[in-house]
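Colleague: sharing a model that was predicted from the sequence below.
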Amino acid sequence: MQKNKETKLKNYGDENYNNIEKHKQTCLEKYGFTNYTTKRVHDGTYRSPFLDRRVVEKGFKTKMERYNDIGYNNFEKALKTSWHRKTGRMESKTELKLYKELKNNFTDVVHQYNIPCIRSWFDFRIDNLLIELNGSFWHNYRPFKNTEENIKEYNTLIDKGGLYKTIANTWRYKDVQKLNYCKENNIKLLVIYFGNYNFKVEDNILYTNSLDEIISYLKSVL
């Protein structure tokens, strides 16, 4: 960071200089709109570069080049930032933003609700509704179904190894376990897939790219 500032000061006379117009043009060429990395985009919805497969794949490539490990993470740094002390789980920025919005709009909001008998934590509970917030890439974009196509895709991810193996097993086993437990015990569960989706709800699965849409939908069902 310090070297970056020194370079900007030397080249532009300002250690905080950013070429905004060049940034906008690059985003427009790569992603189709000018403020790709901002928290809110022109249509009023939330969007993150980390929801884009191209960005994720580039991250994997960088990890292999620098650390020879596609799943490398700086856990020491993570412990200081996004590690949930009670559960030992990592929290995404989107999850923390949603938690803030839920607290602002609802009462009786529980963050990280534990069901010990299946050794699982659910992201939120509001009254008698459990909520899972699934980042699209990390949960393979949609629920696992026991079809030939999904099983083949699962095996392909397993063969890739590393982080892909973790994604595959989360998709096929952990996510399915939570769904089945709630169905078998008549527990209300809303699973949210957050990524580059148009708003859609089917079988208690919500697909969206907007926190506002999540809050609006919850207000309609609670």
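Modeller: On my side now, so go ahead.
Colleague: is Y207 part of a helix or strand, or is it coil?
Modeller: The three-state label given to Y207 by DSSP: H, G, I helix; E, B strand; the rest coil is strand.
Colleague: list the contacts of it.
Modeller: Contacts for Y207 (C-beta atoms under 8 Å, 6 or more residues apart in numbering) come out as I192, Y193, G195, Y197, N198, F199, K200, V201. Heads up, the C-betas are built off the backbone N, CA and C, glycines and all.
Colleague: once you drop chain neighbours, what's closest to it?
Modeller: Y197 (3.9 Å; C-beta to C-beta, 6 or more residues apart in numbering).
Colleague: now D127
Modeller: Per C-beta to C-beta, 6+ apart, closest to D127 is D108, 5.6 Å.
Colleague: and the pLDDT at that neighbour?
Modeller: Per-residue pLDDT puts D108 at 91.
Colleague: quick check, it in contact with L129.
Modeller: No - proximity of D108 to L129 does not meet the contact threshold set by C-beta atoms under 8 Å, at 10.1 Å.
Colleague: domains in the protein, as residue ranges please.
Modeller: Recorded structural domains for the chain (assignment: automatic domain parsing) are 18-43, 48-221.
Colleague: and those domains, which is most packed in?
Modeller: Comparing the domains of the chain by mean neighbour count (mean count of other C-beta atoms under 10 Å), domain 48-221 comes out on top with a mean of 15.
Colleague: where do the strands of this protein begin and end?
Modeller: Taking DSSP state E to define them, one finds strands in the chain at 109-115, 120-126, 129-135, 188-194, 200-202, 205-208.
Colleague: quick one: which of the ones you listed is nearest K8?
Modeller: strand 129-135 (32.6 Å; C-beta to C-beta).
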